[in-house]
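Asker: Please work out how this folds:
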Amino acid sequence: MNFVEIVRGIGNLAFVMVLAGAVAYVGDRVGHQVGRRRLSLYGIRPRYTSTIIAIATGMIIALVVSLAAIFASQQVKTAFFKLNSINQEITELQARQHELEAKVNNGRLVLPVDTLMVPFYRIIAESESPKQRLTTIRSYYFFAVKYVNATYPRLGLKPYAIPPDADKRLAALANDLTTAAELSQANVMLTVSSDQNLFENDQIHFAISVTQDTRYFRKGEVIAQLVIPGKSGASIPLALNQVENYVALTARRLRLPPFLSDVQPTQLIPDAQQMQQTLSKPGTYLLTAYAADDYYPHVGGIPIVIVLTAQP
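Answerer: Residues are numbered from 1 along each chain as shown. Below you'll find the model as predicted:
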């Protein structure tokens, strides 16, 4: 519990105390006035009538304040009418959390989240109509269902079950504003990946991802660089791995999913042995990763050329 919550709690308690005092005071004043006038209710003695009216007045004031709070605050309304259901949801979520923790600690992970599950993609052309987009998405979805159910149960997962509202979900994807915005600039690429960690005996889940199939890197473009001091004992294999990680991070910043951010070195200039020999000499060196070709997501991996040069 933080300081703000403590202050808010004290404030709420003080408000309730002041409100209770005000209700008691008003009830007492009303009862006192009724007693002075010696009014009688249904033949009841004035003394008891004043007490009944004082209590009723307090109850009416409390009711009015409560109704005002209920209509004015969603939190108060929830506290009055939905507290039991919320507590039940919390209990269920806690049980689910314990189940997931046990699964993570003891279960066998079959597929990590954001893993490509279907080694095929579909392209939706920029010029396609909404109806054509839906046809492409539906065809790809049912192909994916057939593929994952033929592939992953043998790895320990339960078959994918098509939800009753599958057509509604696919239509929503086809008409999604994000998809429309993507298509307004370029073709898009559909891929199927895991939308959560899948452990043994889990039911198969997947998501259809939409990625712009546009040129992310131009041939010869510098994607990543690493400065290496000479005679520092630097390891070329580690340096090459670091540069490749920088390339993957650059791709992720451009919103490419992990499975489309794989790096594929096509050439080292000079070769790794000569690079290591060069680094044994004094000076400062620059390890640069260039795009080996124009890169589009449908290529499947980012081709790069890594060059070691001496800094002037």
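Asker: Tell me where the stretch 151-300 of the chain has helices.
Answerer: Assigned by DSSP state H, counting those that start in this stretch, the helices in the stretch 151-300 of the chain fall at 166-175, 177-183, 236-253, 272-279.
Asker: where does the protein dip in pLDDT?
Answerer: Scanning the chain for pLDDT under 70 picks out the ranges 1-54, 57-58, 61-62, 65, 69-70, 73, 75-77, 79-83, 98-105, 177.
Asker: The helices of the stretch 151-300 of the chain: which one's closest to L109?
Answerer: L109 lies closest, by CB to CB, to one member of the helices of the stretch 151-300 of the chain: helix 236-253, at 21.4 Å. (Each C-beta comes from the backbone N, C-alpha and C, glycine too.)
Asker: in that closest one, what's buried?
Answerer: I236, A239, L240, Q242, V243, E244, Y246, V247, A248, T250, A251 (16 or more other CB atoms under 10 Å).
Asker: Stretch 181-192 now?
Answerer: E182, L183, N187, V188, M189, L190, T191, V192.
Asker: Next, the contact list for the third one, please.
Answerer: This means N187. For N187, the contact set (CB atoms under 8 Å, 6 or more residues apart in numbering) comprises I123, I124, A125, E126, Q212, D213, T214.
Asker: give the contact list for the closest residue to the second one other than its chain neighbours.
Answerer: Once flanking residues are discounted, I124 sits nearest to V188: 5.0 Å by CB to CB, 6 or more residues apart in numbering. Taking CB under 8 Å, 6+ apart as the contact definition, V188 lies against I123, I124, T179, E182, V210, T211, Q212, D213.
Asker: so what's V188 bridging to?
Answerer: For V188, the beta-bridge partners under DSSP bridges are I124, Q212.
Asker: and the gap between it and Q203?
Answerer: According to CB to CB, to the nearest Å, V188 and Q203 sit 28 Å apart.
Asker: follow-up on the earlier one: list just the nearest of the buried residues of helix 236-253 to R138.
Answerer: Among those, and counting by CB to CB, the member closest to R138 is A251, at 29.5 Å.
Asker: Contact partners for the closest residue to that closest one other than its chain neighbours?
Answerer: Here the nearest residue to A251 in space, its sequence neighbours aside, is S261; by CB to CB, 6+ apart that works out to 3.9 Å. Neighbouring residues of S261 by CB under 8 Å, 6+ apart: A248, A251, R252, I302.
Asker: do the same with L190
Answerer: Counting by CB under 8 Å, 6+ apart, L190 has contacts Y121, R122, I123, I124, T136, I137, Y140, I208, S209, V210.
Asker: again, only using 7 Å
Answerer: Y121, R122, I124, I137, Y140, I208, V210 (CB atoms under 7 Å, 6 or more residues apart in numbering).
Asker: Make sure the last one is actually in contact with L183.
Answerer: Looking back up the chat, that one is V210. No: assessed by CB atoms under 7 Å, V210 is found out of contact with L183, at 9.1 Å.
Asker: and the contacts of V188, which are buried?
Answerer: By 16+ other CB under 10 Å, these give I124, T179, E182, V210, T211, Q212, D213 as buried.
Asker: Is the fifth one in contact with Y296, as I believe?
Answerer: No: in terms of CB under 7 Å, T211 does not count as a neighbour of Y296; the distance is 10.0 Å.
Asker: what would the buried residues of helix 236-253 look like in JSON lines with distance to A292?
Answerer: Listed next are the buried residues of helix 236-253 as JSON lines, based on distance: CB to CB, whole Å:
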{"residue": "I236", "distance to A292": "19"}
{"residue": "A239", "distance to A292": "19"}
{"residue": "L240", "distance to A292": "15"}
{"residue": "Q242", "distance to A292": "19"}
{"residue": "V243", "distance to A292": "14"}
{"residue": "E244", "distance to A292": "13"}
{"residue": "Y246", "distance to A292": "16"}
{"residue": "V247", "distance to A292": "11"}
{"residue": "A248", "distance to A292": "15"}
{"residue": "T250", "distance to A292": "15"}
{"residue": "A251", "distance to A292": "14"}
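Asker: Many thanks, we can stop here.
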